[in-house]
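Asks: Sequence first, then the predicted structure:
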Amino acid sequence: MDLLLGGSLGGLVFLFLFVLAVLWFLLPFAIFGTKDILKELSRESEKTNELLVELIAAIKGKEVPDSNSKFEENKIEVNTNHQNRQDLISKLEANKNDIGFSKTQKKCEVCQETETGQIIHNHYVCSKCRTKYLS
């Protein structure tokens with residue numbers, strides 16, 4: 001046994017265990033260091049998605065604006081839609097504990113994307129929007 005761990009093989013085993021111990025010690029720092037970066041990326045992704053939704057709402061069913069004046073008209077319409085969504089979210093926040101479920105699936109009234117059966121204060125709200133806006 002002394003010959004096995006005392007020779008060059010023993011040195012390699014010791015070196016391997018030492019490197020493993022150092023990596024095991026550094027692992028939590030690497031995980032927690034990336035956590036903030038991932039949160040920032042997630043926030044930026046959400047901002048980008050919101051801007052894309054506004055852009056789609058601005059050009060949906062209409063031609064892409066050629067001049068700044070047309071763009072301003074579309075911008076007013078998007079801000080109105082955005083304000084309506086904010087009003088709905090405010091209304092839902094006041095009644096966020098009034099939750100029910102329906103067998104009927106309808107589009108989420110907040111994001112207009114996801115089919116859901118979850119109802120908050122007589123409005124269809126998907127789990128994603130509930131978590132994002134009502135938590």
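Replies: Cool, the structure landed.
Asks: Where does pLDDT dip in this structure?
Replies: Within the chain, the stretches with pLDDT under 70 are 1-6, 60-83.
Asks: What's the biggest strand in it, counting residues?
Replies: strand 99-107 (DSSP state E).
Asks: Check which residues of whatever helix or strand comes next after it are buried.
Replies: As assigned by DSSP states H and E, the chain's next helix or strand after strand 99-107 is strand 115-120. Of the residues in strand 115-120, 116, 118-120 count as buried by neighbour count, 16 or more other C-beta atoms under 10 Å. Where you see a C-beta, it was placed from the backbone N, CA and C, and this is true even at glycine.
Asks: I'd like those residues as a markdown table, with distance to Asn95 appended.
Replies: Shown next, in a markdown table, are the buried residues of strand 115-120 (distance: C-beta to C-beta, whole Å):
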| residue | distance to Asn95 |
| --- | --- |
| Thr116 | 17 |
| Gln118 | 13 |
| Ile119 | 11 |
| Ile120 | 7 |
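Asks: returning to what we had before: in the sheet, which strands lie alongside the longest strand of the chain, parallel or antiparallel?
Replies: Paired strands of strand 99-107, with direction, are strand 115-120 (antiparallel) (DSSP bridges).
Asks: Can you get me the centre-to-centre distance for the partner strand and its chain?
Replies: Centroid separation between strand 115-120 and its chain, computed with C-alpha atoms, centre = their mean, to the nearest Å, is 19 Å.
Asks: got the CA positions of that strand in CSV?
Replies: Below are the C-alpha coordinates for strand 115-120, written out as CSV (Å, rounded to 0.1, in the frame of the first residue of the first chain):
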residue,chain,number,x,y,z
GLU,A,115,-54.3,30.8,-24.1
THR,A,116,-55.3,30.4,-20.5
GLY,A,117,-58.2,29.3,-18.3
GLN,A,118,-57.0,31.3,-15.3
ILE,A,119,-59.3,34.2,-14.4
ILE,A,120,-58.5,37.1,-12.1
